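J.: Give me a 3D structure for the following:
(one chain, ligands or ions: 1)
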Amino acid sequence: MSTPSLHKVPSEQVPMALLLEADPSPSVIARYLQEGHCVVACLDDAIIGVYVIKAMTAAAWELMNIAVAPEHQGQGIGALLLRHAIDQARQLGAQRLELGTGTFGHQLTFYQRAGFRVVAVEPDYFPQHYPEPLFENGLQHRDRLRLALVL
Ligand SMILES: CC(C)(COP(=O)(O)OP(=O)(O)OC[C@H]1O[C@@H](n2cnc3c(N)ncnc32)[C@H](O)[C@@H]1OP(=O)(O)O)[C@@H](O)C(=O)NCCC(=O)NCCS
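T.: Just a heads-up that it's a prediction; the model follows:
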């Protein structure tokens, strides 16, 4: 497989379908997208992956979304995007990159492999912040894990 190229793009050029792979709420996505720093992975002119990072404070940035198109998952593209997001955050002056996730599945392995540590659990975050119940593999997302990487 050829290696995808990574490009920073304006938020309106990021395909919503890809962002929805990682976050099921268009309204939640719309809120962070405008202020987000968006990078896409392109292969043969098609966008097959994305990440969005956003400043929480000057020193702390958050990874708001990371997704790879389902047919391209499991080939190292997510890891490539995550390494790039970490480097970008560092270059933008961040001393810490954080993220929140409702999944305790393979995504957790994915982040921990990159060095992220669990720093907090927010009980009932998802029922309180999303209008509809969210399910993955038949399991309702309730609690949100906060992870952080010191840069
Ligand atoms: C999470 C996601 C971005 C990972 O991207 P990817 O390109 O599939 O991941 P990679 O191929 O780079 O895998 C990197 C590591 O992640 C873990 N991983 C990724 N997919 C996995 C799977 N299906 N099962 C188990 N581990 C997995 C492994 O540790 C893997 O390391 P390895 O290749 O040495 O085993 C991708 O699965 C995705 O887009 N999922 C849907 C959106 C989503 O859940 N985003 C995160 C929201 S919290």
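
J.: Tell me if the helix or strand bottoming out on mean pLDDT in the chain is near the ligand.
T.: Ranked by mean pLDDT, DSSP states H and E, the helix or strand of the chain with the weakest confidence is strand 135-136, at a mean of 86. No. Strand 135-136 lies apart from the ligand when judged by CB under 6 Å from any ligand atom; the minimum separation is 8.1 Å. C-beta coordinates here come from the backbone N, C-alpha and C atoms, glycine included.

J.: could we number from 57 for the rest of this?
T.: Sure, I'll start counting at 57 from here, so that last one is strand 191-192.

J.: In this protein, where is pLDDT below threshold?
T.: For the chain, the stretches flagged by pLDDT under 70 are 57.

J.: re the thing from before, residues in contact with the least confident helix or strand of the chain?
T.: Applying CB atoms under 8 Å, 6 or more residues apart in numbering, the external contacts of strand 191-192 come out as 158-159, 161, 197.

J.: May I ask which two of the residues you listed are separated the most?
T.: Maximum pairwise distance among those (CB to CB): 10.7 Å, between Gly161 and His197.

J.: Comparing the two, which shows the higher neighbour count?
T.: Shown here are Gly161 and His197; by other CB atoms under 10 Å, His197 has more neighbours (18 against 12).

J.: Identify the residues contacting that one.
T.: Shown in contact with His197 (CB under 8 Å, 6+ apart): 158-159, 182, 189-191.

J.: Would you mind checking those residues for buried ones?
T.: Taking 16 or more other CB atoms under 10 Å as the criterion, what is buried in the contacts of His197 is 158-159, 182, 190.

J.: Name the nearest residue to the closest residue to the ligand within the chain, ignoring sequence neighbours.
T.: Ranked by CB to the nearest ligand atom, the top residue of the chain for proximity to the ligand is Gly134, at 2.0 Å. Leaving aside its chain neighbours, Gly134 sits nearest to Val124 (4.8 Å; criterion: CB to CB, 6 or more residues apart in numbering).
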